[in-house]
Every structure is written in C-alpha cells, then in structure tokens.
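Trainee: Compute the structure for the input listed below.
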Amino acid sequence: MRFENTALTEEEMLNDTLASCKSLMSLLNIYATEASNEEIEDVIDDIYLQMKDNQRNLYKVMYKKGWYKLEKEDTKRINSAITKFSGYRNELR
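Mentor: Have a look, this model is predicted:
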C-alpha cells in the first residue's frame, strides 16, 4: 500500500511532540513517586526536569508561531475561579 501526501506539517509534528511530552511527564511523575530507591528517584527527577524544560521550550516555539493560542478570559470568571479554589484550599486546612 502506498501513501501519498502523508507528510506531517511542522505544526502537526510539534503538536504531537507536545502531547507526547505531556504524557511522558505524567508517567515520570508516577515513576518518581513509586521509585524503589533514592538513586532511581534522583535519576527520574533529573529526567523529569529536562523534560519540563523541553516541554516549556516547545510551547514557547508554538506560541510564537501562533499555533498555541490563548484566549482572554472574562474577569468575572477568573475571580469566580479564584474564590472557588480558595474555598477548597481553606477546607483542606
């Protein structure tokens, strides 16, 4: 079977890479939490921090190219969320 025009665009590749980074970060967090000894935990923590930096840099590139857009949120909704989560935090204390 032959595929034509199946090449991914740069935007598609970066979106896929960012999604992969997010998944790996989640897994690394679990691995670090459940590490069987401190040496393994330290290695995983180092990898996690490297991945975090890579993910952030990838996000910055995508944002500059206009591929990762942020929308301005309504001030009332922001204040409502702050109040809601402040209440949760106070309940946990």
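
Trainee: Following element in sequence after the helix or strand hosting L28, please.
Mentor: Assigned by DSSP states H and E, L28 falls within helix 10-33. Sequence order places helix 38-64 as the next helix or strand after helix 10-33, per DSSP H and E.

Trainee: any residues touching stretch 35-46, and which ones?
Mentor: Under the contact criterion Cβ atoms under 8 Å, 6 or more residues apart in numbering, stretch 35-46 has outside partners 28, 31-32. For every residue, glycine as well, the C-beta is placed using N, CA and C.

Trainee: got it, and stretch 50-67?
Mentor: 11, 14-15, 17-18, 21-22, 24-25, 28, 68-70.

Trainee: buried subset of these?
Mentor: Burial of the contacts of stretch 50-67 was assessed by neighbour count (16 or more other Cβ atoms under 10 Å); the buried members are 14-15, 18, 21, 28, 68.

Trainee: Any chance of the contacts of stretch 35-46 in a markdown table with distance to L58 and pLDDT as columns?
Mentor: Formatted as a markdown table, the entries for these read as follows, by distance: Cβ to Cβ, whole Å; pLDDT from 0 to 100:
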| residue | distance to L58 | pLDDT |
| --- | --- | --- |
| L28 | 16 | 92 |
| Y31 | 21 | 90 |
| A32 | 21 | 87 |
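
Trainee: what stretches of the protein score poorly on pLDDT?
Mentor: Filtered on pLDDT under 70, the chain yields the residue ranges 1-5.
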